[in-house]
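**Q** Take this sequence and fold it.
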Amino acid sequence: MRSASDGNTHLVLLAITTQPPEVGRIGLEIPDIERRRAGLGDLKQSWIVVDEYNYDIVERSWYIEPHQEVLGRFSKSFVMRIAAMFAKARGQSGRVNRVD
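**A** Numbers count the residues shown, from 1 in each chain. Predicted structure coming up:
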């Protein structure tokens, strides 16, 4: 998330799924401890898809609720792993624009 020169907060949203990535796709399995930290402890296995992302702007979003309750959070070290994988896959990533 970053605040751009236009004063808006731009988001890159990565999907979390219970299905392992298909052949040719890039995903990161979420470890048990991270699932519990994120409030996803009821899922047996889950992955973060890093080769496709949703792009949105918080201030104009139809999908983000301003006062929505936070389920949980990933640790800083796990977020850094996600960011590194996303950066590596970015050239292969597909952007889904949620702004329109």
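
**Q** So which bits of the longest strand along the chain are buried?
**A** In the chain, with assignment by DSSP state E, the single longest strand is strand 47-57. Buried residues in strand 47-57, defined by neighbour count with 16 or more other C-beta atoms under 10 Å: 47-53, 56. C-beta: built from backbone N, CA, C; applies to glycine.

**Q** before we move on, what about stretch 21-30?
**A** Residues of stretch 21-30 classed as buried: 21, 26-28, 30 (neighbour count, 16+ other C-beta under 10 Å).

**Q** one step back: what average pLDDT does the following helix or strand past the longest strand of the chain get?
**A** The helix or strand immediately downstream of strand 47-57 is helix 76-89, counting by DSSP states H and E. In this model, helix 76-89 carries a mean pLDDT of 93.

**Q** helices or strands up against helix 76-89?
**A** strand 9-17, strand 27-29, strand 47-57 (3 or more C-beta pairs under 8 Å, 6 or more residues apart in numbering; DSSP states H and E).

**Q** and that helix with strand 47-57, angle?
**A** Using axes from the mean of the first three to the mean of the last three C-alpha atoms, to 10 degrees, the inter-axis angle of helix 76-89 relative to strand 47-57 is 80 degrees.

**Q** Show me the beta-bridge partners of the residue most central in space within the chain.
**A** In the chain, the C-alpha closest to the average C-alpha coordinate belongs to residue 14, at a distance of 2.6 Å (C-alpha atoms, centre = their mean). When assigned by DSSP bridges, residue 14 has beta-bridge partners residue 53.

**Q** Isn't it up against residue 47?
**A** No: using C-beta atoms under 8 Å, residue 14 is not in contact with residue 47, being 10.0 Å away.

**Q** Can I get the longest strand of the chain in CSV? Just the C-alpha atoms.
**A** Output of strand 47-57 as CSV, limited to C-alpha atoms (Å, rounded to 0.1, in the frame of the first residue of the first chain):
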residue,chain,number,x,y,z
TRP,A,47,-1.7,-20.4,-0.4
ILE,A,48,-1.2,-16.8,-1.4
VAL,A,49,-1.2,-16.3,-5.2
VAL,A,50,1.6,-14.0,-6.2
ASP,A,51,1.4,-14.1,-10.0
GLU,A,52,-1.9,-12.3,-10.2
TYR,A,53,-3.1,-9.3,-8.2
ASN,A,54,-6.0,-6.9,-7.8
TYR,A,55,-5.3,-3.2,-8.1
ASP,A,56,-7.5,-0.8,-6.2
ILE,A,57,-7.6,2.7,-4.7
